[in-house]
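K.L.:
need a structure here:
(5 chains)
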Amino acid sequence: MNTLILISVLPILLLYLGLYKAKNALLPITITGLLVALGLGIAQWNAVAEPIYSGMMQFDRFAIAFSGVTILSTVLILMLSKDYFERISDHVAEYYAIILFALAGIIVMVSYHNLTMLFIGIEIMSVSLYILAGIKKNDFASNEAALKYFLMGAFSTGFLLFGITLIYGSVGSFDLDVIRDWALTHTSKTPDAMFYTGIMLMIVGLCFKVGAAPFHFWTPDVYEGAPTLITAFMSTVVKTAGFAAFLRLFSVCFTSISEVWVPTLMAITILTLCVGNITALYQHSFKRMLAFSSISHAGYMLFAIVALGANSGNSVFVYAIAYSVASIIAFAVLILVQQQSGNDNFESFNGLGKSNPFLALVLTIAMLSLAGIPLTAGFMGKFLMFSGAMAKMQIWMILIAVVNAIISIFYYFRVIVAMYFRSAERTELAIPGYFNVVLALSAIITLIVGIYPGFISNLI
Amino acid sequence: MTVSLLIFLPLLAALALVFIKNESAKYVALFFAVAELALSAYFITQYHPDASVQFAVDQAWIPQFGIYFSAGLDGINIIPVLLCTLMVPIIILTTFKHEYNTNSNIFYALILFMQSGMLVVFTALDAFLFYVGWEAALIPIYFISALWGGENRIKVTLKFFIYTFAGSLFMLAAIIYLYTQNPGKTFDIHELYGLLLTPKAQGWIFWAFFLAFAIKMPIFPFHTWQPDTYTESPSAGTMMLSGIMLKMGIFGVIRWLIPMAPQGFNEYYPYAITLSVVGIVYASIIAFRQKDGKRLVAYSSIAHVGLIAAAIFAWNVNGVQGAMIQMLNHAINVVGLFFVWDIISRKLNTRDLGQLGGIAKNSPWFAVSFLIITLGTVALPLTNGFIGEFLLLNGVYYYNIRLAVVAGTTIILGGVYMLRMYKSVMQGPTNDLTITFTDITGSERLVMVIICALIIVIGIYPQPILHLSEASVTNLIDLVNKKTGPIGAVSAIPAH
Amino acid sequence: MEAQSTAINYLPIIIQMLVAAGFAVGTMFATHYLGPKRQTKDKLTPFESGVEVVGNARTPISIKYFLVAILFVLFDVEVIFMYPWAVNFREMGVKGLVEMFIFMATLLLGFIYILKKKALDWD
Amino acid sequence: MGVSELIIKAILVVVIFAISLVVAMYSTYAERKIAAFLQDRVGPNRAGPWGLLQPLADGGKMFMKEEIIPTRASGFLFIVGPALAIMTACIGSAVIPWGQKIVAGNTVIDLQVTDINVGILYIFGVVSLGVYGIMIGGWASNNKYSLLGAIRAASQNISYEISMGLSIIALLMVTGTLSLKEIAEQQHGWHWNVIYQPFGFLLFLVCAFAETNRSPFDLPECETELVGGYHTEYSSMKLGFYLFAEYINMFISSAVMATLYWGGYNYPGMDWVTAHVGPVIGPLIGTAVLFAKIFLFIFFFMWVRWTIPRFRYDQLMDLGWKALIPLAITNIVITGAWITIYDKFFK
Amino acid sequence: MESFFNTVKYVPLNHYIILSSILFCIGVIGVLTRRNAIVIFMSVELMLNAVNLLLTVFSVYRNDAAGQVFVFFIMALAAAEVAIGLAIIVMIYRNTSSIDTNVLNKLKW
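P.N.:
Below you'll find the predicted structure:
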C-alpha cells in the first residue's frame, strides 16, 4: 500500500519540481522514489494480505511481485530517458509525472480486489498513456497514434464496463470474493445468461487492452507512431500490468466456470499467436516488428489464463520479466540506432556487430530471449507457459504455439543477421553511460533468469 | 569427481577465451581441449563397464519444477562423450593453418561452448537439462557457420537453424508432456522411463522426438538443410556438425526416443526404418552426381547415418552396439574427409572434382592419409568402418533381410563413389592447378597421423570400446522389450 | 437519507417539459405565420457591422477557450464527488472529513499547478 | 399518485408556468422603470397607466415582426437554439417549493410540482443545459459576433458553475439533504440558512449573476464589443425567447436563492399566523412571503445592473477561477471543520 | 390508467436492460461506422452512458450503493477522457492547420 501512496505522491512532487525549474533533480528523484517504493513493497512480502480499504485492494504476493516487475521495468526505461524528453519539448517534468501516474494506475491494476479498482486502475493508466503517445506534438504519426489509441482505448473501456455492469447485475457486488462465490453456485448446470455475457464482454474489453487479436488492430500503428521510449513503456510495463489484471480477475473469480470462457479465450489465443507472428514476418521496420511480436507474446501469455492453474501467476510473472527486459533492450538499442540513422528499418542495424560489439551482443541476447532459446529468460517463460497448457492437455494448442515459435525465429533473427552478417559502413555509436547500465543490467537479468530461474519462479 | 567437471571445463575455457584477443587464442583453446580429453580419458579408465550410472552429479536446479542438474556416465553415453572430447582437439588442430579474421578467439570460444553444450546433451539424465544442452549447442554452431562461412551462409544457416529449432521445439513439447504425466513431477530420465502412457500418447511422443532427432542426423526427408550447411560452413564448423553434432541425434534416439515411447516405437518403427533406408539409397545416388567434393562427403554422411539409424530402429544388441561404435568411427572418418577437402580447397581454392587430379604424385603424406581415410569410410576390413558397418547390417538383417540387402548396397555404392572421388583427386595426370599442391606439413600432418592411427587401431582392436557400452545397451534393450515384447520381426532372429 | 424517489416523482417534470415545449413550438409557429415576409438578399447576409462579410465565421478560436472547457470538465466532475460526501458529511465523522480534505488538497495542488502554469491567464 | 393528483399537478404546472411568464414580462417593465428611476428618468409611460401595458405591447410586437433566418445559418439549429433556451428556463421551476401544503378538507395540495430527492442536482442540470441554447444559437448564426458571444457565454457559464457547485457544498453540509422541500422545511421560522452560510450565500449570489448572464457579467451580449452577442442575427419571437429566457432565469435563480438561503416561504412567527388564519390561507401567506423575497432579489439584480460597470473578459475569468473557487473551497473547509468541532465538543 | 401508473412506478428491470443494451449497441455501431473522430468519441460516450444507466438501475433494484458509486467513477473517467480527447483533437487540428474533420479519415481502420 505504501508503494501505491508513494508512487501517487511522487508525480505531484515532480510536477512542482518542474514548476520551480529543478530539471536536473527530476530523474534522480524519480528513480530514487521508485526504488524506495519497490523496497516498501518488498518489505510487505511476508505480511498477511487481507483486503483493505473496504475490500478494495489486496496487496498479496501476486500484487507485490507484479508491482516489483513493473516498477523495475519503469526504472530501466526511465534511465533511458536521460535527454530523451528534452529533445521533444520543455515540459519534461510532466512527462515523468505522467509516466508515474500511469505506473500508479498499474499498481492498482495488479492489486485490486474489487472491480471498481480494476476499472480505476486501468483508466488511470490508459488516460496517462493517451497523453504519452502524443507527446511529439508536431509529429503527425505521434498525433495519429494518440488519437487512435485514445479512441480504441475508450471504446474498449465501454466493453469492459458493460461487462462489469452485467456481472454486477447478476452478482450484486463488485467484490472479487463475492463474485467467486456466486460463480461457484452458478456453474454450467445453473447458467446465468447475463453473468456469462458479462464475462464475455470483459474478455473483449481486456483483450483490447492487452492487444490480443482480433482486437489488436490498433497496436501496430500506435506502437509505431508513439515515441520509441513510450512504446517501450507501453509494450512492457503496460502489457505486463494488463495480463496481471486479466489473470487476477480470472484466477480469483471465474475458475469454477472455466468451461464457459475457455473456448472463447482459446480461440483468441490462437488467433493472436498466428496473427502476431505471421504479420511480424512481413515488417520492414524493426519497431513495427516489435509491435507485432508484442501481439504474439500476448498470445503466449494468454496461455496462462487459458490453462488456469496454481502456477499461472508464476508463469505470467516469469514470462513478463523475460519479455519486458528483452524488449527494453530492443527498444534501447533502437533508440540509439534511430538517433544515428534516422529510421528504424532492419537495414539500419547492418554492421552493428562490428562497430558496437557490446550493443550487438546484448541485442542478440534479447532477440534470443524473445525467440525463446534456452539459457535465456524467454525460454523459461515459454517453458512455463507450455507446461501449464500441457497440464491441461491442450496439446493441439501447444502444437500451434510451437509452429508459431518457429515462425518467430525468422523475424527475430533478421536483426541478428543484419548486425553480424551484413556489413555496412558505419561509425561507432556513442552509447551514453545510462544506456550501458540499463543494457548490461537487462542482459544480466535475462541470462540469470534463463540459467537459474529458481529464485523468481515460485515467488507467488 | 563428477561429470560436471567435464561439462564446465570447456565452458570456463570459452569464457576465458573471450578475453584473450591475441594470437595465442588457438593455443589456449587447444590446451583446454586436450585437458578436456585427458579428463575424459581419466573418467573412461575409471569407468566400470556395467549398466550403472557413474560419476553422477545430481544438483537441484529449479527444484520447484522438478528440474535437476543431473548427469552421469553410463554405457550409452560413454562413447559419445569419448568422441566429443576426442574430436574437439583434433578439430581445433585442423584450424591452425587457417586465418580466421581478427576475432579468432571468439571462434574458439564458440567451439568450446558448443562442446560444453554437447557434453550436456550426452551426459544429461534430466530431460530438461538435455533440452537446454541441445539448444545451447545449436547457437554457437549457428554463429560459427554464419560468421565464418561461405557466400550463401546467411540464408543457408538460417534454414539450418530453423529446421533444427523447429524439431527441437516439438521435442520440447514432448518432454513437457512427459513431465506433466509424471506423478513425481520431475524430469528424471529413470522416472520418465517408468511412465505408463497410453499408446496414443506414446505415438505422439515418438513422432515429436523423431522429428527432432531425424532433423539433426539427418534422416530423409528432413535432410535438405544438411548439404548446403555443410558446404557453406567453415571447415571446422562442418566438422563439428558432422563429426559430433549429428551424433546428438543418434544418441537421442537410443537414449530418449525409444525408451520413452516403447509402444509408440513398436507401432511406428517400420516407417522410421524405411525412411532411413530410403535415405541411404537416395543419398548414395545423389553423392554419385556431386562435383563438389565437400558436398559429396556431406551426402555420403547422410547415407552412413541412415544406416546407423536403420540399425538402431531395428533395436537389437548388434544393431545398437554397431551404432555405438559407428558413431565414433563416422566421426573420425568424416572429420578426416572434411579436413582433406579443407586442405585441398585452401591450397587450390577449388573443390570441383573435375579440376583436380594427380595430387598424389608430389604429396605422399597427403595421399597415404587420404587413402586410409577413404578406406575407413568404405569399410574395408581392418579399418574402423568395417566393424561398425558389419554390426549395423547385422542388426538390420535381424529385422528384415530384404531391407538389410538394400541397406547393404550402401557399402558397395559408398565404396564406388568414395574411391571414384579419391581417384579423380589424387590420381591421373596433374594439371596446371594441382601441380602447385604442396604436401601437408606441421599441424596438418599431425592431424592426419592421429586420424589414420585411430582408424587403424579401432579397425584392428575395437573390443575395448564395444565392451564399454555392451552392458548398458543390453540392459536398455531389455528394459524396452519388457514393455513391448521383443521389437519387430522377432521370428527373424535366428537362435544363437 | 430520505426514501428513494421513484420514477413517478418525475412525471410532473415531464408534464412541465411538455408544457414548455408546447409553448415554445406554438409560439414559434404563431410568429412564423403572423409575421410579414419581405426578405431581401441584404437582410439574409450575416451582420458584420455593415461591411462585406469576410470569410467563414467558423474559424478556429483561441485555445484558451478549449483549455477552460477542459478544466471545467475536470473540476466539475471532482465537485460532483463532493456532493454525496457533503450530504452524508455528519454520519461519516472525522474520518470522512480527513479523507475529503485529502481529496481537496490533491485537487488544490492540481489547481495551483494550473495557475502557476498560467493556464488561466488571459493575455 | 393517482389520476386526480396528477391533474392537480398539471394545473399547478400550468399555473406556475403562467406566473413565470408574467413575472418575466413584468420584469422587463420593472427593469426599464428601475433604470429610469436610478437615472432620474421617467421610463415607459405611454401604454396604459404608468406604462403598465408596455410588456404586452412588446410581446405583441415580437409576434408581428418579420422572421429572418440568414442564408448561411444552419436553419434547423438556428430555430432550436432559442427554443431550447426558453425551455430550459421554464422547467427549472419544477422542484421549487412554493409553499407549505394547503389542507382544504380532505384534499392536500402540495405547492410544489414535485419533490424529488435530488432537487438541487436537478436545478444544476437545468442550469447547465441553459448554455446549450446560447451555444447552439450563436454557432448556428454563422456570424463572428454571435460565435464569439456564444463561446464567451459557454466559457463564462461553465467557469462559474464550478464555484457555484462548490459554494452549494458548504450549504449541503449544513442541511444534509439535496431535496429543496426538506431544505425549505429546515429553515422553519427564522432558521434561515443565510445565518449559517452568509459567505456561501455571497458566493452563490455572484455565481447566480454570472449564470444568468446578467450585468456585470453580460459579456456574451456586450453591445460595445459584440453588437448583440449571440443573438445578433435573431429577430422576432426568437430574439424574444432569448430575452425572455434571461428574465425567467433571473426569476428562477431568485427563487432558488430565496429557498436555499433566505428561508423560502418561511418567516418568523409563521406558526402563529397559520394557527390563526387556517391551513388554507396560512400557506398562501407563506407563498406571498416567498414571492416578496423573490421580487426583492429581482430588484437587486436590476439595481446592480444599473450600478456596476461591466467586467473585462479576463477580469471575469480571473474572478471566477482565481478568486471564487479558492474562496468556495476555503468556505467548505471552514464549514467542515466548524461543524465537526461543534458536533464533538458542544453537543 | 392505473396500470400506466404502475408501469411508471415499477419499470421492469428488463426494460432498462434492453434500453441500455440498445444504447450501447448504437454506440458500438457509431464507433465502427462513423469516420469523424469527434462523432466516434461521442459514440463512445453514449456507450459509457448506457453503462451508467444500467449500473444505476441495478444499484436501485438491488438496493446497493456500490453501483452508483461506480457511476461516479465512470463519470470522472469520462471527464478525463473528454479532456484528453479534446486536447488530442485540437492538437491534430493545429498540425493539419484545418478544422476539417476529413483529415481524420485516414485513421479509419
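K.L.:
just checking, A:L290 touches A:Y223?
P.N.:
Yes. Contact criterion C-beta atoms under 8 Å: A:L290 and A:Y223 qualify, at 7.1 Å. Every C-beta, even on glycine, is put in place using the N, C-alpha and C of the backbone.
K.L.:
the more surrounded of those two?
P.N.:
When neighbours are counted by other C-beta atoms under 10 Å in any protein chain shown, A:L290 and A:Y223 differ, and A:L290 comes out ahead with 28 against 25.
K.L.:
D:N45 falls within a helix, correct?
P.N.:
No. Per DSSP: H, G, I helix; E, B strand; the rest coil, D:N45 lies outside any helix segment and is coil.
K.L.:
one step back: what do A:L290 and A:Y223 both touch?
P.N.:
Common contact partners of A:L290 and A:Y223 (C-beta atoms under 8 Å, 6 or more residues apart in numbering or on different chains): A:T231, A:S235.
K.L.:
what segments of chain E are strands?
P.N.:
In chain E, no strands are found when defined by DSSP state E.
K.L.:
how about the residues of it by chain C?
P.N.:
Listed as neighbours of chain C in chain E under the rule C-beta under 8 Å from any C-beta of the partner chain: E:5, E:8-11, E:60, E:72, E:75-76, E:78-80, E:82-83, E:86-87, E:90, E:93, E:99.
K.L.:
do that again at 7 Å, thanks
P.N.:
Contact residues, chain E versus chain C (C-beta under 7 Å from any C-beta of the partner chain): E:5, E:8-9, E:11, E:60, E:72, E:75-76, E:79-80, E:82-83, E:86-87, E:90, E:93, E:99.
K.L.:
and the residues you listed, which are buried?
P.N.:
Listed as buried from those are E:5, E:8, E:60, E:72, E:75-76, E:79-80, E:82-83, E:86-87, E:90, E:93; burial here means 16 or more other C-beta atoms under 10 Å in any protein chain shown.
K.L.:
report the central residue of the chain.
P.N.:
The chain I'm using is chain A. By C-alpha atoms, centre = their mean, chain A has its centre lying nearest to A:K239, at 2.2 Å.
K.L.:
that's the wrong chain, I wanted chain E
P.N.:
A centroid search over chain E (C-alpha atoms, centre = their mean) returns E:L46, at 2.2 Å, as the residue closest to the centre.
K.L.:
the nearest residue to that residue once chain neighbours are set aside - how many residues pack around it?
P.N.:
In this structure, E:L46 finds its nearest non-sequential neighbour in E:G27, 3.8 Å apart by C-beta to C-beta, 6 or more residues apart in numbering or on different chains. Around E:G27 there are 24 other residues, counting by other C-beta under 10 Å.
K.L.:
go on, B:G184?
P.N.:
Other residues near B:G184 number 12, with proximity taken as other C-beta under 10 Å.
K.L.:
for the one 5 residues further on, same thing?
P.N.:
Neighbours of B:I189 under the rule other C-beta under 10 Å: 22.
K.L.:
just give the nearest non-adjacent residue to B:T474, would you?
P.N.:
Once flanking residues are discounted, B:T474 sits nearest to B:V317: 5.7 Å by C-beta to C-beta, 6+ apart.
K.L.:
so what's the one you found up against?
P.N.:
Residues near B:V317 by C-beta atoms under 7 Å, 6 or more residues apart in numbering or on different chains: B:V473, B:T474, B:I477.
K.L.:
so what's it scoring on pLDDT?
P.N.:
On pLDDT, B:V317 comes in at 86.
K.L.:
which residues of the stretch 101-250 of chain B score low on pLDDT?
P.N.:
Across the stretch 101-250 of chain B, the ranges flagged by pLDDT under 70 are B:101-102.
K.L.:
tell me the residue of it that sits nearest chain E?
P.N.:
The minimum distance from the stretch 101-250 of chain B to chain E, using C-beta to the nearest C-beta, falls at B:I162 (32.6 Å).
K.L.:
now swap in chain C and tell me
P.N.:
C:V77 (3.8 Å).
K.L.:
run a quick neighbour tally on that residue.
P.N.:
Neighbour tally, C:V77, other C-beta under 10 Å: 19.
K.L.:
before we move on, the earlier item: my guess is the residue of the stretch 101-250 of chain B closest to chain E contacts A:S408, does it?
P.N.:
No. In this structure B:I162 lies outside contact range of A:S408 using C-beta atoms under 7 Å: 10.1 Å.
K.L.:
neighbour count: those two, which is higher?
P.N.:
More crowded of B:I162 and A:S408, by other C-beta under 10 Å: A:S408, with 24 against 17.
K.L.:
secondary structure element holding that one?
P.N.:
Here A:S408, judged by DSSP states H and E, is contained in helix A:395-416.
K.L.:
all the strands of the chain, residue numbers only.
P.N.:
Assuming you mean chain A. Under DSSP E, chain A gives no strands.
K.L.:
ah, I was thinking of chain B
P.N.:
B:54-62, B:67-73.
K.L.:
for the last one, packing partners?
P.N.:
Using 3 or more C-beta pairs under 7 Å, 6 or more residues apart in numbering or on different chains; DSSP states H and E, the elements in contact with strand B:67-73 are helix B:3-18, strand B:54-62, helix B:104-123, helix B:127-148.
K.L.:
quick one, what contacts the residue nearest to the centre of chain E?
P.N.:
E:L23, E:I26, E:G27, E:G30.
K.L.:
nearest to A:Y452, of these?
P.N.:
Relative to A:Y452, the closest of the contacts of E:L46 is E:G27; by C-beta to C-beta it sits at 51.0 Å.
K.L.:
quick check: the gap between that closest one and E:A50.
P.N.:
Going from E:G27 to E:A50 by C-beta to C-beta, to the nearest Å gives 6 Å.
K.L.:
measure whichever residue of the stretch 51-200 of chain B sits closest to chain C to B:L172 for me?
P.N.:
Closest approach between the stretch 51-200 of chain B and chain C, counting by C-beta to the nearest C-beta: B:Q64, at 42.7 Å. Distance from B:Q64 to B:L172, counting by C-beta to C-beta: 19 Å.
K.L.:
okay, these two: which has more neighbours?
P.N.:
When neighbours are counted by other C-beta under 10 Å, B:Q64 and B:L172 differ, and B:L172 comes out ahead with 28 against 13.
K.L.:
that one and A:F386, how far apart?
P.N.:
For B:L172, the distance to A:F386 (C-beta to C-beta) stands at 7 Å.
K.L.:
swap in D:R310?
P.N.:
Counting by C-beta to C-beta, the gap from D:R310 to A:F386 is 75 Å.
K.L.:
which one's more surrounded, those two?
P.N.:
A:F386 (29 against 17).
K.L.:
relative to chain D, how far out is the residue nearest to the more buried one when sequence neighbours are not counted?
P.N.:
Counting by C-beta to C-beta, 6+ apart, the nearest residue to A:F386 once its immediate chain neighbours are dropped is B:I176, at 5.1 Å. Counting by C-beta to the nearest C-beta, to the nearest Å, the separation of B:I176 from chain D is 60 Å.
K.L.:
now do A:F331
P.N.:
In this structure, A:F331 and chain D are 41 Å apart, going by C-beta to the nearest C-beta.
K.L.:
contacts only, for that residue.
P.N.:
Counting by C-beta under 7 Å, 6+ apart, A:F331 has contacts A:T228, A:T231, A:A232.
K.L.:
ok, now B:Y282?
P.N.:
Going by C-beta under 7 Å, 6+ apart, B:Y282 touches B:F220.
K.L.:
where in the chain is pLDDT low?
P.N.:
Went with chain A since none was named. A:393, A:457-460.
K.L.:
if you could check chain E rather than the one you did, that'd help
P.N.:
The model of chain E has pLDDT under 70 over residues E:1-2, E:8-9, E:97-109.
K.L.:
for chain C, what lies in contact range of chain E?
P.N.:
Within chain C, the positions adjacent to chain E are C:4, C:6-8, C:11, C:60, C:63, C:66, C:69-70, C:73-74, C:77, C:80-81 by C-beta under 7 Å from any C-beta.
K.L.:
how many neighbouring residues does residue 296 have?
P.N.:
Just going to use chain A. A:S296, neighbours per other C-beta under 10 Å, totals 27.
K.L.:
my question was about chain B, not that one.
P.N.:
Neighbour number of B:L296 under other C-beta under 10 Å is 24.
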